[in-house]
Each structure stands twice: as structure tokens, then as C-alpha cells.
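Asks: Below: sequence and its predicted model.
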Amino acid sequence: MKIGWIGTGVMGASMAGHLQAAGHELAVFNRTRAKADALLAGGAAWCDTPAAVAANSEIVFSIVGFPRDVEDTYLGDDGVLAADGPCRIIVDMTTSQPSLAVKIGKAAAAKNIGSLDAPVSGGDIGAKNAALAIMVGGEQAVFDEIQPLFELMGKNIALMGGCGAGQHTKMCNQILISGTMIGVCESLMYGSAVGLDQQAVIDVIGSGAASSWAINNLGPRIVQEDYDPGFYVEHFIKDMGIALEEAAALDLALPGLAMVHQLYTAVKAQGHGRDGTQALILALKALNGG
């Protein structure tokens, strides 16, 4: 198939690579062309705008940074939906606002183009291993057609409802991760303070009732003081902000999420917005004089 891919960052490059490896023809766009070099070397065609991607693709995927980037990608003057051509399905895999997913879905429907919002979870490791969880909103028939492509990128794929439902499910995911990350960091800080080998702690508790993806995958990075991003702090702050806005609209209090959001904002203020989410430990160390 002729597939368009917009966004070749930490996760997007690997995800698009799986489609390319399966034999699909790619047309790609990214704000920084160098980040698409591996895909271009593999035979992908470069496009100068999202509209150009759509003009050369049957199906367009995107995974970009912030809701404003998603809106520009699809609804901007050089956006996907401004193009004429063969594009018949769009799939946004960015974590974004549920209301924006609905807006894009309506704009796509007006052009007889199917639309899915399909945010993912699993970070850089899940993207590289084609083991992402993919949460999808949209119509069943469109989902059914795209599912074989999703299966090249992920292992746990579910249609959760209409447009926006994928994004709402991702908010559930991010709320849970926020609580898990503070638990991971505080657990390892306690272990260090009493003189335990932190990796030995991870090896034991990571296989019991306290087991989580975060402790087993990000815990070792914390121990090694490796803050390279699998998922950027600044993007996680964005996600938590969306969840807090959605909760406020529902008159729903989420005090744990609000606290972790503040701590991550402090991490960003320390200059770590482009580090990985495991950098949360730095805010806790600062609070404890470390």
C-alpha cells in the first residue's frame, strides 16, 4: 500500500520502519528531515508538507508533538485535509485532545475520508519491538481495514468507541502512569537511603505484586542515571495537562495526577523537558537536598 507517515521522532521512526519492513511504500514528512534519514535510505519518498504526503498516499499516519501540531498537520493550509488525491483514511497516533480528534473526524468525513484517533503506549521500547498498546477511536469499518497495519506496530489493539474514545482511553493510561512513576521514584529513593542495591531491589519487587512496566524498564535507567528519552518529560506534561482539563470539565478531582503534574513541571523548570520521564527522580532528589 501507499502509506504516508508524518512524524519520525523517538517513536514514529520505529513505527514507520515496521510498515516499511513489511513492504509498504512510504511517503514521509518531519519538521527535521534528518530524523527521517533511515526511512529515506530504506526507500521512502520525502515530502515537503503534510499535504504533499496526503497527495501521494492512500492512508496517512501521524505521530507528532502537541495538539497544535496535530491541528496544523490536518487542518492547516498545508495540512493533510487541504490536499486532493488518493488519501481515504487518516490515523493520528499522537496523544492529543479528545475534542480535537472529534473535530478532525468531522472535517475528514466532510471529504469522505475515514478517521481514527489511535494514541499508543509503550514508549521507545514498545515502538522498537512492535509491542505498543494502541487505543483507537473511530468507526468499526475503518478500524477493521487498518487493523492489519496496527498489528505491525503493536500487540494490544482495541477499538474503544467513536472519534475521541482512543484519546480518552490514553488519558486513563497517562493518569495511571503518573501515579506509577512517582511510586517507582520514591521506592528507589527509599532503597538508596537505607543502603540497598537499587538494581537488586528492582529485580525482586519487579517480579511481585509491585511489578510494572515502569519499574522494570525505567527503574534500571534511573539507577544508571540514564535520562535519555523514551518519552519526553515535556510531552508527558502536555498529556497530564489534557487529562486535568478533561477532568475539570467533568467536575472530577484527581489530586494524585495534579501533584505529579506539578513535580514534572519542576523537572522541566530544571532544564529537563527533553529528557525521559524517568527524570522525575531529579525533582524528588531536589526536594530531599540531593
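Replies: Sure thing, it's come through.
Asks: what comes up buried for stretch 244-254?
Replies: 244, 246-247, 254 (16 or more other C-beta atoms under 10 Å). All C-beta spots, glycine's among them, are computed from the backbone N, C-alpha and C.
Asks: among those residues, which are in helices?
Replies: 244, 246-247 (DSSP state H).
Asks: right, and out of those, which lies closest to Asp117?
Replies: Glu246 (13.9 Å; C-beta to C-beta).
Asks: The closest one contacts Met171, doesn't it?
Replies: Yes - look at Glu246 against Met171 with C-beta atoms under 8 Å: they come within range, at 6.0 Å.
Asks: For Gly12, list the residues it contacts.
Replies: 5, 30, 63, 93, 127 (C-beta atoms under 8 Å, 6 or more residues apart in numbering).
Asks: Show the secondary-structure elements that the lengthiest strand in the chain is packed against.
Replies: Ranked by residue count under DSSP state E, the longest strand found in the chain is strand 154-161. Secondary-structure packing of strand 154-161 (3 or more C-beta pairs under 8 Å, 6 or more residues apart in numbering; DSSP states H and E): strand 132-137, helix 140-150, helix 165-193.
Asks: at 10 Å what do you get?
Replies: Judged by 3 or more C-beta pairs under 10 Å, 6 or more residues apart in numbering; DSSP states H and E, strand 154-161 is in contact with strand 120-121, helix 123-128, strand 132-137, helix 140-150, helix 165-193.
Asks: In that strand, which residues are buried?
Replies: Applying 16+ other C-beta under 10 Å to strand 154-161 flags 154, 157, 159-160 as buried.
Asks: Distance to Lys111 and pLDDT for these - can I get that in TSV?
Replies: TSV is the format used below for these (distance: C-beta to C-beta, whole Å; pLDDT from 0 to 100):
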residue	distance to Lys111	pLDDT
Gly154	27	98
Ile157	26	98
Leu159	22	98
Met160	24	98
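Asks: Export the residues you listed to CSV and append columns for distance to Val194.
Replies: As requested, the buried residues of strand 154-161 are arranged in CSV below (distance: C-beta to C-beta, whole Å):
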residue, distance to Val194
Gly154, 39
Ile157, 42
Leu159, 47
Met160, 43
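Asks: Out of those residues, the closest to Asp144 would be?
Replies: So of the buried residues of strand 154-161, ranked by how close each gets to Asp144 (C-beta to C-beta), first place is Leu159, at 8.6 Å.
Asks: thinking again about what came up before, quickly compare the helices and strands packed on strand 154-161 and say which is most buried.
Replies: Comparing the helices and strands packed on strand 154-161 by mean neighbour count (mean count of other C-beta atoms under 10 Å), strand 132-137 ranks first with a mean of 25.
Asks: Show the contacting residues for Asn173.
Replies: 95, 119-121, 133, 135, 239, 243 (C-beta atoms under 10 Å, 6 or more residues apart in numbering).
Asks: and if we set it to 8 Å?
Replies: Neighbouring residues of Asn173 by C-beta under 8 Å, 6+ apart: 121, 133, 135.
Asks: And those residues, which is closest to Glu234?
Replies: Ser121 (17.5 Å).
Asks: Return the set of residues that bridge with the closest one.
Replies: Ala133 (DSSP bridges).
Asks: how near is it to Gly191?
Replies: 26 Å (C-beta to C-beta, to the nearest Å).
Asks: what's the answer for Ala110, then?
Replies: For Ala110, the distance to Gly191 (C-beta to C-beta) stands at 56 Å.
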